[in-house]
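Asker: Based on what follows, work out the 3D shape:
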Amino acid sequence: MMRECDAHGYYRDEMCPVCGEPGKFLMNDSEVERLGRTLAGILRHGKFEPDMDDQGFVSMRDVVYIMKEHNNRMHWLRPHHLVSLVETDPKGRYQISGDMVRATYGHSIPLELDLPTDDVPQELYFPTTAEEVDIILEVGLRPSDRSMVHLSLTYDDAVRAGKVRVDDPVILVIDADAVFDAGYEIGKAGKTVFLAKEIPPDCLRIA
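Answerer: Residues are numbered from 1 along each chain as shown. Modelled structure (predicted):
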């Protein structure tokens, strides 16, 4: 459920978590889910071939037009619905700049994202499998189904990400300082996600 409080903005609940007022109804749960899936397809994977710049930004009006053109069940969609989704996303998966919106991570299309590289934690984490861990420790981490290597802020975040693939993921620790010293960059993408083009093997160890 997506609602808007006049005093405290957008929220995903029946009542405003700050003042307890019901606020204005925007979307039900299924509409929020459908909007999120479609937005990810457009901004992460270039679905419907949006007019996207090299930083991954697309005009919100273009996104609305694309969605309404390909799904007449979303005839109600307006740019403020996108804003509500972005501002209440718990993982920080999207970013708005002016009237433009982009996905911050999860891309399968090549982009040159200008992500902040300051305040990167000394250690980050990556989930893998028992079958893959030895080869990763030998050759390092490189993108597979995504355009960038995705790293987790905490051990627990990596475990949750790894459990999407296997029941008992092996967690690798990334020495971020060593990555920078080796000439590679790590940028902060979402609230718990960091991106790198590559992680050298000397910067990895098993947690």
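
Asker: for this structure, what spans make up the strands?
Answerer: In the chain, the strands defined using DSSP state E lie at 2-5, 9-11, 24-27, 58-59, 94-97, 100-103, 123-128, 149-152, 170-175, 186-188, 193-196, 204-206.

Asker: For the third one, which residues meet the burial criterion?
Answerer: It stands for strand 24-27. 26, 27 (16 or more other CB atoms under 10 Å). All C-beta atoms are positioned from the backbone trio N, CA, C, and that covers glycine.

Asker: Could you tell me the backbone phi and psi angles at the spatially most central residue of the chain?
Answerer: Ranked by distance to the mean C-alpha position of the chain (CA atoms, centre = their mean), the top residue is residue 93 at 3.2 Å. For residue 93, the backbone dihedrals (degrees, to the nearest 10) come out as phi -80, psi -10.

Asker: That one contacts residue 103, correct?
Answerer: Yes - between residue 93 and residue 103 there is a contact under CB atoms under 8 Å: 6.2 Å.

Asker: thinking again about what came up before, so which of the strands of the chain gets nearest residue 66?
Answerer: The closest of those to residue 66 is strand 58-59. By CB to CB, the value is 8.5 Å.

Asker: what comes into contact with that closest one?
Answerer: For strand 58-59, contacts defined as CB atoms under 8 Å, 6 or more residues apart in numbering pick out 42, 43, 50, 51, 52, 99, 100, 101, 102.

Asker: What pairs with it, parallel or antiparallel?
Answerer: For strand 58-59, the pairing partners within the sheet under DSSP bridges are strand 100-103 (antiparallel).

Asker: Dump the strand it pairs with to CSV, restricted to CA.
Answerer: Output of strand 100-103 as CSV, limited to C-alpha atoms (Å, rounded to 0.1, in the frame of the first residue of the first chain):
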residue,chain,number,x,y,z
MET,A,100,15.2,12.0,-14.4
VAL,A,101,15.3,8.6,-12.7
ARG,A,102,17.7,5.7,-12.8
ALA,A,103,18.4,2.4,-11.2
